[in-house]
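**Q** Okay, sequence plus prediction incoming.
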Amino acid sequence: MSTPDKGSDLEPCFFRRDPVACARELIGCTFYWKGCAGEIVETEAYAAEGDPACHTAVRPSAREFVARHPAGTAYVYMNYGVHWLFNVLVKGPEGEGFVLFRALEPRAGLAVMRRRRGREAERDLCSGPGKLTQALGIDGSVHQSSFLQHRHRGIRAAAGGVPILASPRIGISSGKELPWRFLKAGSPCLSAAPAP
DNA sequence: GATGCGATTCAC
DNA sequence: TGAATCGCATCA
């Protein structure tokens, strides 16, 4: 990992399809962010239509966001008044929605991550949606930006061969039955163990 | 204006 | 198990 600051090699069309498929295929990709990088090992999909757990179900502002921005736009929001959560807007002919980045395996910039997180163990740096934004220094200023076009921010395609599991989403009160959480099996950096 | 509620994390 | 503490939506 000698060149962590490398642009995305995913075409914008990667985000112009079904958000569930997009969330699944992001597992194993590498997320680069201003000198830091990590392998994406956990994501969740949220559908703008018919998904009670998606912000679009209860927030007019979220529906507005989907309508006004292109696929690949960052949707960043604060929850519990404590943590920033990072999503990518996905808009395909089969459906629109978001992919929430939930966990990474740190690959570059570990020292900076440790300082931002105030933790030493590698598994404590990015093993949760709030943790990874803190480790990477992501905050609300990123909201609405198309990070894919930045030189020092982006996503690089997966090498392949990553074992992917699906399970119900975490921390939501409705839509629990949908298996829209995707994870790299056996990763030590997951936010929680996969559902049995 | 006031109130309620989170796609969470950490210390107690 | 509960506190932290902010934006958004809803209601008075």
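**A** Looks like it arrived, so ask away.

**Q** how close does residue A:90 sit to DNA strand C?
**A** Counting by C-beta to the nearest atom of the strand, to the nearest Å, the separation of residue A:90 from DNA strand C is 19 Å. In this view, the C-beta of every residue, glycine as well, is placed from N, C-alpha and C.

**Q** I'd like to know how far the closest residue to residue A:128 other than its chain neighbours sits from DNA strand B.
**A** Excluding the flanking residues, the one nearest residue A:128 by C-beta to C-beta, 6 or more residues apart in numbering is residue A:191, at 4.3 Å. Counting by C-beta to the nearest atom of the strand, the gap from residue A:191 to DNA strand B is 5 Å.

**Q** How about the residues of chain A by DNA strand C?
**A** Listed as neighbours of DNA strand C in chain A under the rule C-beta under 7 Å from any atom of the strand: A:58-62, A:77-82, A:140.

**Q** Kindly tell me how buried the closest residue to residue A:195 other than its chain neighbours is, as a neighbour count.
**A** Counting by C-beta to C-beta, 6+ apart, residue A:195 lies nearest to residue A:167, which is 4.2 Å off, once chain neighbours are set aside. Residue A:167 is flanked by 17 other residues according to other C-beta atoms under 10 Å.

**Q** Residue A:55: what's it in contact with?
**A** Counting by C-beta atoms under 8 Å, 6 or more residues apart in numbering, residue A:55 makes contact with A:46, A:62, A:77, A:98.
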